[in-house]
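# model this:
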Amino acid sequence: MSAPKHSLAEHLTDPCNRGPLSEAQVTGLSHGHGRGGQVRLYLRVDAGTIRAAQFDSFGCGFTAGCASILTEMIVGRTVDACRQLTVSHFVDTIEGLPRHKQHCAMLAVAALHDALGDT
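Sure, this is the predicted structure:
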């Protein structure tokens with residue numbers, strides 16, 4: 001899954017796709033054990049493709065920023081392609097993510113994988 005770089009600064013100040021997705025068919029949840037962060041991802045999937053994605057998060061702004069980037073990145077992609085997304089690859093697509101905040105990217109990807117386990 002190749003993707004262009006996403007500017008974290010934009011998503012920190014104005015996260016997109018925040019809030020529940022009323023027509024979500026699957027949801028995924030991840031917890032940051034010991035760190036307190038949490039991401040819930042809502043997905044609408046049609047014919048094996050993610051058609052809509054939104055999120056709720058608890059934690060620092062970096063958690064919301066990473067989840068926001070993820071929602072933009074996965075809409076229009078196939079479920080199979082999204083299942084192959086790794087934390088390492090996701091981190092590589094985020095411009096401006098400090099090393100000590102990489103666990104925030106892990107929360108977003110873990111929520112995605114949790115949701116896709118239901119499809």
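# lowest average confidence, helix or strand, in the chain?
strand 6-7 (a mean of 86; mean pLDDT, DSSP states H and E).
# what is the first helix or strand past it going along the chain packed up against?
From strand 6-7 onward toward the C-terminus, using DSSP states H and E, the following helix or strand is helix 8-13. Packing contacts for helix 8-13, counted by 3 or more Cβ pairs under 8 Å, 6 or more residues apart in numbering; DSSP states H and E, involve helix 61-74. Every residue, glycine included, has its C-beta placed from N, CA and C.
# same for the helix it packs on, what does it pack against?
The contact analysis (3+ Cβ pairs under 8 Å, 6+ apart) places helix 61-74 against strand 6-7, helix 8-13, strand 38-46, strand 49-58, helix 87-93, helix 102-116.
# which strands and helices sit next to the longest one?
In terms of contact count using 3+ Cβ pairs under 8 Å, 6+ apart, helix 102-116 is assigned the packing partners strand 26-31, strand 38-46, strand 49-58, helix 61-74, helix 79-83, helix 87-93.
# got the CA coordinates for that helix in PDB?
Extracted in PDB, the C-alpha atoms of helix 102-116 (Å, rounded to 0.1, in the frame of the first residue of the first chain):
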ATOM      1  CA  GLN A 102       4.900   6.500  17.400                       C
ATOM      2  CA  HIS A 103       2.700   4.500  19.800                       C
ATOM      3  CA  CYS A 104      -0.100   6.900  18.600                       C
ATOM      4  CA  ALA A 105       0.300   5.500  15.100                       C
ATOM      5  CA  MET A 106       0.300   2.000  16.500                       C
ATOM      6  CA  LEU A 107      -3.100   2.700  18.200                       C
ATOM      7  CA  ALA A 108      -4.600   3.800  14.800                       C
ATOM      8  CA  VAL A 109      -3.300   0.800  12.900                       C
ATOM      9  CA  ALA A 110      -4.400  -1.600  15.700                       C
ATOM     10  CA  ALA A 111      -7.900  -0.200  15.600                       C
ATOM     11  CA  LEU A 112      -8.000  -0.800  11.800                       C
ATOM     12  CA  HIS A 113      -6.800  -4.400  12.200                       C
ATOM     13  CA  ASP A 114      -9.400  -5.000  14.900                       C
ATOM     14  CA  ALA A 115     -12.200  -3.600  12.700                       C
ATOM     15  CA  LEU A 116     -11.000  -5.700   9.700                       C
END
